[in-house]
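Enquirer: Prediction below, plus the sequence it came from.
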Amino acid sequence: MKSIRLPSPHTDPRGFLLALFNAAVAQAVPGAEMAAFLPTPPKGRTLVLGAGKAGGSMAAAVDALWPKHAPMSGLVVTRYDYVPPAYKALQQHGAARIEVVEAAHPVPDEAGRRAAQRIADLTRGLTQDDLVLCLMSGGASSLLAMPASIANFSITLEQKQAVNKALLKSGAAIDEMNCVRKHLSAIKGGRLAAMCAPARVVTLLISDVPGDAPEVIGSGPTVPDSTTCADALRILARYAIDIPPAARAGLESAVFETPKPGDAVFAGHEVHLIATPKQSLEAAAALARTAGIGVHVLSDEVEGESREVGKVQAALARYVARHGQPFAKPCVILSGGETTVTVKTQGGRGGRATEFLLGCAIALQGEAGVHVLAADTDGIDGVEDNAGAIVTPDTLARAAAAGLKPADFLDRNDAYNFFAPLGDLLVPGPTFTNVNDFRALLIV
């Protein structure tokens, strides 16, 4: 990881928090450390397949590390604008061994459907002498878009898009969303592994989910799925999400069931986590300690409604600021995971991080000495151009001077438009990785 300059938490709290975020992101960007997870070249050919917001950087790292004399080809799909510039230049000059294409996230599009079909086509003719190296990260659930189509049960891309949009607005947790997604897919939930048989499959993962479960990351295209069609139906009922008759029939009849643990298609396969939220939090914590302040990592698995999590963490920060308990100040409190936003009105802008921050700011009520950063490590908060934002002790005062009423913005899920005029949005651009939410509360 490159050296990151650390401003003083006392004189430049904003710069200090930004440095911690940058350290967390840098820790998760794939590079030379991937060499430890790469298998030896096979007797046959090596096929690289993958999807996710870190897909482009993972492909670039593998291409650089794989022996030059060993044949390798493949296809990886990533989000629009998420191919690292240096690797895009290699592609343009015909010097890249892995093709990286772009598609939409978080709602799948036709480009993602075409990429998924091409990936499926590449698996034809594989033998037991061949190696499939699968590169998966968060975002694969939408980027790898192949709607289920079995017997007389088929759904269209447009129908899959509608279900996906409803899930994103429902407040469902990521494991719940991905349970539904994989059962309505012809390539996720272990089905890509089945396509690759009888080749050996080695899956390299960058985790963006609480608990780092491989079957949840990107909806687990190459790993066994422990969830069922019945689970998917219960989740759809829980959040009152309607689905097309063909999709419901496919779930109710279990025609859309996924390969389970113990299935022979997974025999001899390997799965490795190369980057996790915990590792990124630890990198930020290590950097913060060099400033001589206390560091406390709450968890890398925080879930719940974003605004409510914001209120809870604000209460903790206020208690530390006022009473020096349960942590002595100065200190920084870190957490990760994936919170959710239940969208109740149309037209608002913002994602998990800004909604967390708005709930947090309202609860802090301008508490002196408390500064907060929340951002998504992929550089995208929801579907916006920002990763997150920053709250300072004078956030509410500046908002009042600008005529902004925070509760009104929270009511309409419009946190982006609250922080934008204050100049407090964090816009790093593409980060080429994704280990989910990063939150840091600095109390000085």
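Expert: Now that the structure is in, tell me what you want to look at.
Enquirer: Could you use CA atoms for every contact and neighbour count after this?
Expert: Fine.
Enquirer: Look at the nearest residue to D63 once chain neighbours are set aside and tell me its secondary structure.
Expert: Leaving aside its sequence neighbours, D63 sits nearest to R97 (Cα to Cα, 6 or more residues apart in numbering; 6.5 Å). Secondary structure, DSSP: H, G, I helix; E, B strand; the rest coil: R97 is coil.
Enquirer: cool, S8 as well?
Expert: coil.
Enquirer: can you pull the contacts of the residue nearest to it when sequence neighbours are not counted?
Expert: Excluding its sequence neighbours, the residue lying closest to S8 (Cα to Cα, 6+ apart) is F16, at 6.2 Å. Applying Cα atoms under 8 Å, 6 or more residues apart in numbering to F16 gives the contacts L6, P7, S8, P9.
Enquirer: How about the contacts made by the second one?
Expert: Read it as P7. With Cα under 8 Å, 6+ apart, P7 has these contacts: P13, G15, F16, A19.
Enquirer: between the residues you listed, which is closest to V101?
Expert: For the contacts of P7, the closest approach to V101 (Cα to Cα) belongs to A19, at 31.1 Å.
Enquirer: okay, now that closest one: neighbour count?
Expert: 19 (other Cα atoms under 10 Å).
Enquirer: Check K329 too.
Expert: 20.
Enquirer: Return the list of helices and strands in contact with the longest strand along the chain.
Expert: In the chain, assigned by DSSP state E, the strand with the most residues is strand 294-302. For strand 294-302, the packing partners by 3 or more Cα pairs under 8 Å, 6 or more residues apart in numbering; DSSP states H and E come out as helix 277-289, strand 331-337.
Enquirer: Helix 277-289 and that one, what's the angle between them?
Expert: Angle between the axes of strand 294-302 and helix 277-289 is 160 degrees (criterion: axes from the mean of the first three to the mean of the last three Cα atoms, to 10 degrees).
Enquirer: Let me know the angle separating strand 294-302 from strand 331-337.
Expert: 10 degrees.
Enquirer: what's the spacing between the residue nearest to S8 and E303?
Expert: Applying Cα to Cα, to the nearest Å, the value for F16 to E303 is 25 Å.
Enquirer: ranges for the strands of the protein?
Expert: 46-51, 73-79, 99-103, 131-137, 149-150, 153-154, 200-206, 270-275, 294-302, 331-337, 370-376, 388-391, 425-426, 437-443.
Enquirer: can you list the ones you listed in JSON lines and add mean neighbour count and distance to R118?
Expert: Output for the strands of the chain, formatted as JSON lines (neighbours: other Cα atoms under 10 Å; distance: least, Cα to Cα, whole Å):
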{"stretch": "strand 46-51", "mean neighbour count": "27", "distance to R118": "10"}
{"stretch": "strand 73-79", "mean neighbour count": "25", "distance to R118": "8"}
{"stretch": "strand 99-103", "mean neighbour count": "23", "distance to R118": "11"}
{"stretch": "strand 131-137", "mean neighbour count": "27", "distance to R118": "14"}
{"stretch": "strand 149-150", "mean neighbour count": "15", "distance to R118": "16"}
{"stretch": "strand 153-154", "mean neighbour count": "18", "distance to R118": "19"}
{"stretch": "strand 200-206", "mean neighbour count": "25", "distance to R118": "18"}
{"stretch": "strand 270-275", "mean neighbour count": "17", "distance to R118": "23"}
{"stretch": "strand 294-302", "mean neighbour count": "18", "distance to R118": "35"}
{"stretch": "strand 331-337", "mean neighbour count": "24", "distance to R118": "32"}
{"stretch": "strand 370-376", "mean neighbour count": "28", "distance to R118": "30"}
{"stretch": "strand 388-391", "mean neighbour count": "28", "distance to R118": "34"}
{"stretch": "strand 425-426", "mean neighbour count": "22", "distance to R118": "36"}
{"stretch": "strand 437-443", "mean neighbour count": "26", "distance to R118": "31"}
